[in-house]
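Student: need the 3D shape of this:
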Amino acid sequence: MKLKTFRTFLLVSGALVASTAATAASYSFDFMANNNSYQVSGILVTEDVLNALNGYNIVGISGTVTGSGGGVITSLVANPNSPNPVTQFGYIFDNNLFPSFAPQLSYPGVLFTTTSGNRWNLWGNSPQDYSLHSYAFSNGNPGSGTGGQEIHGTFTTTAVPEPESYAMMLAGLGLMGAIARRRKSRAV
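Tutor: Predicted coordinates for the structure are as follows:
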């Protein structure tokens, strides 16, 4: 009878893991300007399927911009031409992430807004050189901000494990515990 209960547990666990398949991936990121005037850090959320450009569409962003005119990142500016670049608000952007290539953000880069009301464009010029650009906006029109200057720096990302990975690890540990308990009870 115990074997039947154990098999049922395995089937239910397998069904739960299969039903929680990931539809997105998360990457923590950090940009530091060479002159230390700006730091941008947070999490990029991407689709889990390669797009036509062999990158991943960025579908969400969170974090902070530290420096003049910065603030908490409030939203990703949507790309209606995804995955190809689009020009809006004076910026060219594509919102694609290339985690296995360098630069990980292409020249058009990612466009997002902060609580200060600014739009920020972060993109890669080369594997070691990224740029951050912003204007302060008033009623949708560019005003002052970083003055249109490019602030160069480095950019790094690391994959953030999905909750499903933790669930699978816990299920495996539970299974190993159940097997060890069963063996112990047989030995006694």
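
Student: residues touching the residue nearest to the spatial centre of the chain, list them.
Tutor: Residue closest to the average C-alpha location in the chain (CA atoms, centre = their mean): Leu44, at 2.0 Å. Contacts for Leu44 (CB atoms under 8 Å, 6 or more residues apart in numbering) come out as 26-27, 29, 58, 60-61, 97, 110, 157. All C-beta spots, glycine's among them, are computed from the backbone N, C-alpha and C.

Student: same thing with Ser126?
Tutor: Residues in contact with Ser126, defined by CB under 8 Å, 6+ apart, are 102-103.

Student: would you state the strands of the chain in chain order?
Tutor: 24-33, 39-47, 56-66, 71-76, 86-88, 91-93, 96-97, 110-114, 119-126, 129-138, 141-145, 151-160 (DSSP state E).

Student: mean pLDDT for the ones you listed: which is lowest?
Tutor: Among these, strand 141-145 has the lowest mean pLDDT, at a mean of 48.

Student: what sits against the residue nearest to Gln39 when sequence neighbours are not counted?
Tutor: Of all residues not flanking Gln39 in the chain, Thr66 sits nearest, at 4.5 Å (CB to CB, 6 or more residues apart in numbering). When contacts are counted by CB under 8 Å, 6+ apart, Thr66 touches 38-41.

Student: now, of these, which are buried?
Tutor: 38-40 (16 or more other CB atoms under 10 Å).

Student: and stretch 104-122, what's buried?
Tutor: With burial defined by 16+ other CB under 10 Å, the residues of stretch 104-122 counted as buried are 104-106, 108-114, 116, 118-122.
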